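Undergrad: dropping the sequence and predicted coords here.
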Amino acid sequence: MSDTVIVLQEECILAASGKAGRRPKISRTDMIPTEVHTDPFEQWKRALLAYKEKEHPGSVKLVLPSNYSSTRISQIPFATGKQLTKMAEHVVSESAAEGIVDYGITYADKKQGVTVCCASVEENICNRLLAMCEEIKLPVRAITVPMEAYLRGLSQLKTYANKTAIFLFFEDSGVTSILYKNGVYLYSTRSRIFSERGTLDFGTEIVRNISGIIQFYATTTSGIPITDIYYAGCMEDDFEVCLDGIHMMNLQAALLQVDAVYETQGNPEDWLVCAGALVDDKTKQVNLYQKWKKSGGMDKVVEKESFVKHIVPPVLTLAVCMALFGAVSVWNLLESKKIDDINDWINDSQIQQQYQEADEVMKESERLVEQKQQVEQMKQNLATYPDLDADIIARIVDVSGSNMNVEVKSMDAETGLLTFHAVSSAVIDIPGYVNKLTQTGLFSSVDYSGYQYQDGEYTLDLSCILKAIDAGGDK
């Protein structure tokens, strides 16, 4: 019987069947689209039913969507046996992940060390997903996350062994970016794409994503340059709009090449996540399903459904009956004459006028008190922050150096929030620049919210809160 992997995504499900192993073989693939902007679980249920009726798979391995799971990758020294297990479990405990948590070993080398993939998913998501599979009678043997599948899939591509490069994996409306140094995982990020593929805005988003990774890599001590970008899941015609920006960073881009033989619909590289999930090299793999079972997952689902089914309806019926009984009792006890007298008094025109006049006076009084409090609070705030004078601006400019201009955009004297742009024609060491601003002692916090690249200049958006005078700030 063949092994089956099903990848759940926002806009479709990917299914691949074949033979799992150190070098997996894929003999069949299916892509079933789903409707967006509706309940994804209902859409996955319909797609899984359609696939089940068509292919009749045995037990399956599910790959969760990226936005329904969390992943943390860590590097630890090389070890084996119980020592490796102990070190990996320590990494899991330090990850502070909540819900159902497990780990897998995606790379091991005596010189380079061990790469540990720590994955987690909220328990209620696991409950709902597996209850859905139980309902449609789709047996599940394992659950993992996309990052583990990508890392295991890349490990099969000997062409890229020992490469220092960035790999881009496009899926639905997002892209997962993975940075490798000498063939070993170093950094990754996932970004949502807001522009239509093939448009100039799409090219700008992808180039900005790559530039951010390049700047991160520049903060490391590595002397090995990044020279190549490889991508999968995006048509070459759509990716072409990214090439000019990539070439301006002295990088080359190419479609990821899969040297394994996969019988797939479309390009084999677009199914690397499925191939990676089928890799079985006898090392520890992520299996959130087994962890969920050990935590009593199905028992909790059954118990919850039993409670809702047998307890809630009688309780609701009793509550409705008691409410009706109480309402009738109160109605019978009310004295109609007393109600009439109260209504006459309330509806009296003189009483109505007096009430409206008193209400207007009270509202005006509350408004004046509130305005006075706001003025007093503003005075207190203004007294605690230093003036934004030429001396402070000069100190910010000194931090920037001769290659950078500072453009002050706004200053909120009430909160001490200073917003400015740092503009440079050269690539900016963002962590270093933020650290220098912090060390001036002018600010209680420095927030970097992104950058733009236009007309040959990098523009950093910075929001800083000036230190209060009584907190040690300089005036």
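TA: Sure thing, it's come through.

Undergrad: just checking, Val140 touches Cys126?
TA: No - counting by C-beta atoms under 8 Å, Cys126 is not a contact partner of Val140; they are 10.3 Å apart. C-betas here are computed from N, CA, C, even on glycine.

Undergrad: tell me which of those two has more neighbours.
TA: Taking other C-beta atoms under 10 Å, Val140 and Cys126 do not tie; Cys126 has more neighbours (25 against 17).

Undergrad: would you confirm that the more buried one contacts Lys294?
TA: No - using C-beta under 8 Å, Cys126 is not in contact with Lys294, being 12.0 Å away.

Undergrad: from Val116, how far off is Ala161?
TA: From Ala161 across to Val116, the span is 20 Å (C-beta to C-beta, to the nearest Å).

Undergrad: neighbour count for those two, which is higher?
TA: The residue with more neighbours, out of Ala161 and Val116 and counting by other C-beta under 10 Å, is Val116; that gives 25 against 11.

Undergrad: in its sheet, what does the helix or strand where the more buried one lies sit against?
TA: Using DSSP states H and E, the element containing Val116 is strand 113-121. Strand 113-121 pairs in its sheet with strand 70-76 (antiparallel), strand 100-109 (antiparallel), by DSSP bridges.

Undergrad: how many other residues sit next to Pro431?
TA: 13.

Undergrad: what's around the nearest residue to it once chain neighbours are set aside, how many residues?
TA: Excluding the flanking residues, the one nearest Pro431 by C-beta to C-beta, 6 or more residues apart in numbering is Thr219, at 5.3 Å. By other C-beta under 10 Å, the residues close to Thr219 number 11.

Undergrad: surely Thr219 is in contact with Val434?
TA: No - applying C-beta under 8 Å, one finds Thr219 not in contact with Val434, separated by 11.1 Å.

Undergrad: any low-confidence regions in the stretch 151-300 of the chain?
TA: For the stretch 151-300 of the chain, the stretches flagged by pLDDT under 70 are 260-261, 297-300.

Undergrad: quick check: which element contains Gln356?
TA: helix 349-384.

Undergrad: what's the first helix or strand after that helix?
TA: With DSSP H and E, the next secondary element past helix 349-384 is helix 390-400.

Undergrad: quick one: buried residues of stretch 2-11?
TA: By neighbour count with 16 or more other C-beta atoms under 10 Å, stretch 2-11 contains the buried residues Ser2, Asp3, Thr4, Val5, Ile6, Val7, Leu8, Gln9, Glu10.

Undergrad: let's see which of these end up in strands.
TA: Using DSSP state E, the members of these that fall within strands are Asp3, Thr4, Val5, Ile6, Val7, Leu8.

Undergrad: run through the bridge partners of the first one.
TA: Read it as Asp3. Going by DSSP bridges, Asp3 forms beta bridges with Gly18.

Undergrad: now do the same contact list for it.
TA: With contact set as C-beta atoms under 8 Å, 6 or more residues apart in numbering, Asp3 has these partners: Ser17, Gly18, Lys19, Ala20, Pro24, Lys61, Leu278.

Undergrad: separation between Lys284 and Lys137?
TA: 30 Å.

Undergrad: so the two - more neighbours on which side?
TA: Lys284 (15 against 8).

Undergrad: isn't the more buried one right up against Ala108?
TA: No - counting by C-beta under 8 Å, Lys284 does not reach Ala108; the two are 10.2 Å apart.

Undergrad: sorry, back to before: let me know which of the strands paired with strand 113-121 is the nearest to Asp237.
TA: Evaluated with C-beta to C-beta, the strands paired with strand 113-121 place strand 70-76 nearest to Asp237, the distance being 30.9 Å.

Undergrad: Val92 belongs to a helix?
TA: Yes - with DSSP: H, G, I helix; E, B strand; the rest coil as the criterion, Val92 is part of a helix.

Undergrad: ok, now which ones touch it?
TA: Here Val92 is in contact with Val101, Asp102, Tyr103, Cys118 (C-beta under 8 Å, 6+ apart).

Undergrad: neighbours of the third one, how many?
TA: Right, the one you point to is Tyr103. Residues lying near Tyr103 (other C-beta under 10 Å) number 25.

Undergrad: tell me how far it lies from His90.
TA: Counting by C-beta to C-beta - Tyr103 and His90 are separated by 10 Å.

Undergrad: re the thing from before, how about the contacts made by the residue nearest to Pro431?
TA: Asp429, Pro431, Gly432.

Undergrad: next, the first one: phi, psi?
TA: Right, the one you point to is Asp429. Torsion angles at Asp429 (phi, psi; degrees, to the nearest 10) stand at phi -80, psi 90.

Undergrad: isn't it right up against Tyr217?
TA: No - look at Asp429 against Tyr217 with C-beta under 8 Å: they stay out of range, at 11.6 Å.

Undergrad: the most centrally placed residue in the chain: what's it in contact with?
TA: Centroid-nearest residue in the chain: Asn67, 5.8 Å away (criterion: C-alpha atoms, centre = their mean). Counting by C-beta under 8 Å, 6+ apart, Asn67 touches Glu10, Gly174.

Undergrad: secondary structure class for it?
TA: On the three-state scheme (three-state DSSP), Asn67 is labelled helix.

Undergrad: mean confidence for the strand ranked longest in the chain?
TA: In terms of residue count, the longest strand belonging to the chain (DSSP E) is strand 443-454. Mean pLDDT, strand 443-454: 84.

Undergrad: now swap in stretch 393-406 and tell me
TA: 78.

Undergrad: alpha carbons of it, as CSV, please.
TA: C-alpha atoms of stretch 393-406 as CSV (Å, rounded to 0.1, in the frame of the first residue of the first chain):
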residue,chain,number,x,y,z
ILE,A,393,18.3,66.8,16.6
ALA,A,394,22.1,67.3,16.4
ARG,A,395,22.7,64.3,18.7
ILE,A,396,20.4,62.1,16.5
VAL,A,397,22.2,63.3,13.4
ASP,A,398,25.6,62.5,15.0
VAL,A,399,24.5,58.9,15.6
SER,A,400,23.5,58.6,11.9
GLY,A,401,27.0,59.5,10.6
SER,A,402,27.9,61.3,7.5
ASN,A,403,26.2,58.9,5.1
MET,A,404,22.7,59.3,6.5
ASN,A,405,20.2,62.2,6.7
VAL,A,406,17.6,62.5,9.4
